[in-house]
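A.B. asks: Here is my input, please return the structure:
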Amino acid sequence: MRIDPRHFNKFMAGVAVVAAILIAIATLNYTSGREDAFQRQMMEADSLGLVKFPRITSGDSLQLNQFRGQYLLLDFWSTWSEASTESHAQLAAETRGDLSDLAVIAASVRNSRNEILEYRQTHNYPFEYVDGTAFYRTMNLPGVPSQVLFDKDGEVVATFVGYTDSTRYDSLKAHIRK
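C.D. replies: Below you'll find the predicted structure:
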C-alpha cells in the first residue's frame, strides 16, 4: 500500500494523534494501577506499626505504634513537590481546627536533613518530621504526596494519593468521624 504524497502529512498527523491518545491512556492506566496497588499494599500490611522512621530533629527513630489511641496520618511528602507543600499548609490549618486530635508524621522523601530543618523552621507546622525515603522506595509508593490514615487501634483505614484542593481533607474528616 502506498500513500499518495499529497495525503502523507495528513496521514502522519493522524498517526501522531492516535499514538498520543494511546500513550495518554496507558499512562492513566499505569498511574491508576499504582494507586490501587498502594492502597491494597497499605491495607494488607499488618506490621506497619513496627516500621522505624528516623527522626529528623534527633538521632532516634519512631514507630507508628507509638501513636495508638489517636488517629494518625502518615504523610509522604517532599519540599520539591508543590502539591506536597500546598497539602501541608491545608493539613496544618485542619490540625489546628477540626482535626486537632489527628497526629501527623511528615515522612520526607528525597530531601536532605538541612532542607527539612529549614522547611520546618519556615513553616512551623505541628508535625513530627521523619525520613521516609527508605520506606517510600521499599513500598514503591506511587508519588508524593501520598498519605496513610490509621485509626486509634493502629489499623489502616484510608489511603490518599496526590493533592488537588482542600476537599481532600473533607474525606479525611469523614473517615475520622465514623
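
A.B. asks: CA atoms for contacts and neighbours, from now on please.
C.D. replies: OK.

A.B. asks: which residues does the residue most central in space within the chain contact?
C.D. replies: When CA atoms, centre = their mean is applied to the chain, the residue found nearest the centroid is residue 146 (1.0 Å). Counting by CA atoms under 8 Å, 6 or more residues apart in numbering, residue 146 touches 75-77, 159-162.

A.B. asks: and residue 69, that one's in a helix?
C.D. replies: No: assigned with DSSP: H, G, I helix; E, B strand; the rest coil, residue 69 falls outside any helix and is coil.

A.B. asks: thought it was touching residue 103?
C.D. replies: No: Residue 69 lies out of contact with residue 103 (CA atoms under 8 Å); the separation is 10.5 Å.

A.B. asks: So if I had to pick from these two, which one is more boxed in?
C.D. replies: Per other CA atoms under 10 Å, whichever of residue 69 and residue 103 has more neighbours is residue 103, with 19 against 11.

A.B. asks: beta partners for the residue nearest to the centre of the chain?
C.D. replies: On the basis of DSSP bridges, residue 146 is bridged to residue 76, residue 161.

A.B. asks: if I look at it, how far off is residue 68?
C.D. replies: Look at residue 146 and residue 68: by CA to CA, to the nearest Å, they are 21 Å apart.

A.B. asks: So what touches stretch 163-170?
C.D. replies: Here stretch 163-170 makes contact (CA under 8 Å, 6+ apart) with 83-84, 86-87, 90-91, 94, 145.

A.B. asks: Dump those residues to CSV, plus secondary structure.
C.D. replies: Shown next, in CSV, are the contacts of stretch 163-170 (three-state DSSP):
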residue, secondary structure
83, helix
84, helix
86, helix
87, helix
90, helix
91, helix
94, helix
145, coil
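
A.B. asks: which of those count as buried?
C.D. replies: Among these, those classed as buried by 16 or more other CA atoms under 10 Å are 83-84, 87, 91, 94, 145.

A.B. asks: where's the dip in pLDDT among these?
C.D. replies: Taking the buried ones among the contacts of stretch 163-170 together, the minimum pLDDT is found at residue 94 (89).

A.B. asks: ok, that residue touching residue 103?
C.D. replies: No: using CA under 8 Å, residue 94 is not in contact with residue 103, being 11.2 Å away.

A.B. asks: show me where this protein has strands.
C.D. replies: Secondary structure of the chain by DSSP state E: the strands cover 52-54, 61-63, 71-77, 102-108, 128-131, 146-150, 156-161.

A.B. asks: Are there helices or strands packed against the third one, and which ones?
C.D. replies: Using 3 or more CA pairs under 8 Å, 6 or more residues apart in numbering; DSSP states H and E, the elements in contact with strand 71-77 are strand 102-108, strand 146-150.
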